[in-house]
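Engineer: next comes the sequence, and after it the predicted model I'd like to discuss.
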Amino acid sequence: MEAESTIKCPKCGTDINVSEVLYHQLQDQIKKGFAQKEIDFEAEKESFKKEKEKFDEEVKIEVRKQLKTEKTTLEKSIRTQVEDEKSEELKILQEELKQKSDQVKEFNRTKAEIERLKREKDELKDLMELEKEKAISEKSQEIKTKARKEADEENYLKIKEKE
């Protein structure tokens, strides 16, 4: 079989083993193909790495957006809840303030009524004292008038007796 796989070089006449030549050619082609495939693989690997980094960055951006949206929604919800609670507290405080204000108004009305009644009492007291003094004065005047009248009558009788 070796006779079949060798040929003579037409220039130098050396025997050339065709199987070996084919083996080396195939080996070179395979090496070149393998090297090219390795270069292509490395390029794909680099491209995949870049795409992965880009994808990871996009995922990070999307996660940040979603977190920001959720945070905003949560803050809004908490703010609304706090405002509702504060609103309820404010409403209760306003009701309490209104009650206290009404109590103060009622107290002031009662105080004013007491002061009015005191003034009326003092006025009545002054009026009664004035009436009493007037009555005493009139009684005193009557007594004086009566006493003068009696004195005048006694003097008249004394004068008549002397006559």
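Structural biologist: Received the coordinates, thanks. Residues are numbered from 1 along each chain as shown.
Engineer: ranges for the strands of the chain?
Structural biologist: 6-8, 15-17 (DSSP state E).
Engineer: out of the ones you listed, which is closest to Glu142?
Structural biologist: strand 15-17 (179.5 Å; CB to CB). The C-beta positions use only the backbone N, C-alpha and C, and glycine is treated the same way.
Engineer: other SSEs contacting that closest one?
Structural biologist: Counting contacts by 3 or more CB pairs under 8 Å, 6 or more residues apart in numbering; DSSP states H and E, strand 15-17 is packed against strand 6-8.
Engineer: the strand it packs on pairs with which strands, parallel or anti?
Structural biologist: strand 15-17 (antiparallel) (DSSP bridges).
Engineer: contacts for the partner strand?
Structural biologist: 2, 5-9 (CB atoms under 8 Å, 6 or more residues apart in numbering).
Engineer: reformat those residues into JSON lines and put pLDDT next to each item.
Structural biologist: What follows is these, written out as JSON lines (pLDDT from 0 to 100):
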{"residue": "Glu2", "pLDDT": "45"}
{"residue": "Ser5", "pLDDT": "83"}
{"residue": "Thr6", "pLDDT": "87"}
{"residue": "Ile7", "pLDDT": "87"}
{"residue": "Lys8", "pLDDT": "87"}
{"residue": "Cys9", "pLDDT": "86"}
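Engineer: picking up where we left off before, would CSV of the strands of the chain with mean neighbour count be doable?
Structural biologist: Output for the strands of the chain, formatted as CSV (neighbours: other CB atoms under 10 Å):
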stretch, mean neighbour count
strand 6-8, 12
strand 15-17, 11
